[in-house]
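1. Just need the structure, nothing else, for what follows:
(one chain, ligands or ions: 3)
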Amino acid sequence: MHLALLVCAPALFVATLALDNGLMRTPPMGWLAWERYRCDIDCDSDPKNCISENLFMDMADRLSEDGWRELGYVYVNIDDCWSSKERDNQGRLQPDPKRFPGGIKKLARYLHDRGLKLGIYGDMGTYTCGGYPGTPVEKIEIDAQTFAEWEVDMFKYDGCYSNATEQEQGYPLMSKALNATGRPIGYSCSWPAYQGGLPPKVNYTQLGEICNLWRNYGDIQDSWDSVLNIIDWFFDNQDVLIPAAAPGRWNDPDMVCLTDMRLRRKKRVKYFLLSDK
Ligand SMILES: *[C@@H]1O[C@H](CO)[C@@H](O)[C@H](O)[C@H]1NC(C)=O
Ligand SMILES: *[C@@H]1O[C@H](CO)[C@@H](O)[C@H](O)[C@H]1NC(C)=O
Ligand SMILES: *[C@@H]1O[C@H](CO)[C@@H](O)[C@H](O)[C@H]1NC(C)=O
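-> Numbering: from 1, shown residues only. Ligands and ions are numbered 1, 2, ... in the order given. Model (predicted):
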């Protein structure tokens with residue numbers, strides 16, 4: 001099994017407004033499918049590794065039975081390629097019926113019964129990065145409602161196939177729509193990663209008011225070079241990034257844990273945690 005931390009806390013906070021949903025007062029920790037399992041949907045020849053309810057139930061068992069939950073690793077997060085290629089006849093997203101026969105709500109219950117939380121994935125554009133139905137502006141309300149009905153606890157909103165204008169409109173709208181469901185749902189925004197991660201294009205004051213965490217930079221890959229590349233970028237831009245974070249609002253280096261970026265460069269890798277067996 002492969003476990004990775006989502007994000008850890010910078011040491012210092014400045015007093016800032018955060019998205020007021022009461023969630024993620026400390027950085028979220030857990031497990032996310034993408035880095036290792038990608039868009040593997042071939043359950044016939046690769047049943048153990050394909051994106052299916054079995055994979056997430058298996059990870060839930062590991063987090064709850066092997067001591068991870070007690071350390072704070074409570075999120076089990078679905079990434080891309082979970083849905084059917086078509087919405088249902090009422091226009092709602094639906095999971096792939098073959099790979100998620102029990103449905104998302106049942107999966108959420110499985111996690112909740114074990115003291116864990118379920119995250120799900122969507123995309124601002126017409127399509128997700130993997131080519132599944134997206135959640136463009138006109139679908140935001142219905143999809144937020146669907147996730148709430150499924151008792152999902154966190155939502156990652158990716159940005160493939162959307163432009164800057166749509167993102168400017170969509171990311172705040174989704175924040176409002178999630179709030180309007182009445183269910184506290186942690187909100188992870190990929191917006192800054194699509195805008196270069198830095199001001200003036202990225203407004204971290206605004207992000208902190210609408211998102212609980214945000215992806216600032218590119219995806220982590222399955223290599224040490226990628227890990228170092230991400231750490232270097234965060235190190236080089238720490239003066240902008242550190243003040244952006246506070247309880248309820250976090251930078252997300254994509255599963256890398258950066259505890260205190262104000263380190264001498266030579267020592268920086270010591271503060272990175274990623275476990276992989
Ligand atoms: C919605 O926003 C209001 C005001 O910011 C906040 O008090 C409330 O807790 C939020 N509700 C949810 C479910 O996030
Ligand atoms: C962004 O996409 C929309 C269509 O969804 C289009 O109307 C608009 O012109 C695009 N804006 C830019 C700046 O490309
Ligand atoms: C950034 O966002 C904040 C809060 O929404 C807003 O008050 C401020 O004017 C924005 N800054 C810029 C440079 O757009």
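
2. Do you have the helices of the stretch 51-200 of the chain handy? List them.
-> Counting by DSSP state H, counting those that start in this stretch, the stretch 51-200 of the chain has helices at residues 53-65, 68-71, 104-112, 140-149, 164-180, 191-194.

3. Please work out which of the ones you listed is packed deepest.
-> helix 191-194 (a mean of 24; mean count of other CB atoms under 10 Å). No exception for glycine: its C-beta is placed from N, CA and C like everyone else's.

4. Show me what the longest strand anywhere in the chain is in contact with.
-> Ranked by residue count and defined by DSSP state E, the top strand of the chain is strand 117-123. Strand 117-123 is touched from outside by 30, 32, 56, 74-80, 82, 93, 104, 107-108, 111-112, 128-129, 132, 134-135, 143, 147, 150-162, 186, 188, with contacts defined as CB atoms under 8 Å, 6 or more residues apart in numbering.

5. again, only using 7 Å
-> Strand 117-123 is contacted by residues 74-80, 82, 104, 107-108, 111, 129, 134-135, 143, 147, 152-160 when judged by CB atoms under 7 Å, 6 or more residues apart in numbering.

6. Can you check the distance spanned by stretch 84-99, start to finish?
-> With CA to CA, to the nearest Å as the measure, stretch 84-99 spans 9 Å from end to end.

7. Now the residue of the stretch 51-200 of the chain found nearest ligand 1: closest residue in space, sequence neighbours ignored.
-> Ligand 1 sits closest to Asn179 of the stretch 51-200 of the chain, with a gap of 3.7 Å, by CB to the nearest ligand atom. Spatial nearest neighbour of Asn179, excluding adjacent residues (CB to CB, 6 or more residues apart in numbering): Asn21 at 6.6 Å.

8. before we move on, what SS does the one you found have?
-> What DSSP: H, G, I helix; E, B strand; the rest coil gives for Asn21 is coil.

9. Which residues of the stretch 151-277 of the chain lie near ligand 2?
-> Asn163, Thr165, Glu166 (CB under 6 Å from any ligand atom).

10. for the protein, what are the low-confidence residue spans?
-> For the chain, the stretches with pLDDT under 70 are 1-16, 257-277.

11. show me where it has strands.
-> Going by DSSP E, the chain shows strands at 2-3, 30-32, 75-77, 117-123, 154-158, 186-189, 213-215, 250-252, 275-276.

12. centroid residue for the chain?
-> Lys156 (4.2 Å; CA atoms, centre = their mean).

13. In this structure that one contacts Ser188, no?
-> Yes: between Lys156 and Ser188 there is a contact under CB atoms under 7 Å: 4.2 Å.

14. related to what we said a few turns ago, now the angle from the longest strand of the chain to helix 53-65?
-> Counting by axes from the mean of the first three to the mean of the last three CA atoms, to 10 degrees, strand 117-123 lies at 140 degrees to helix 53-65.
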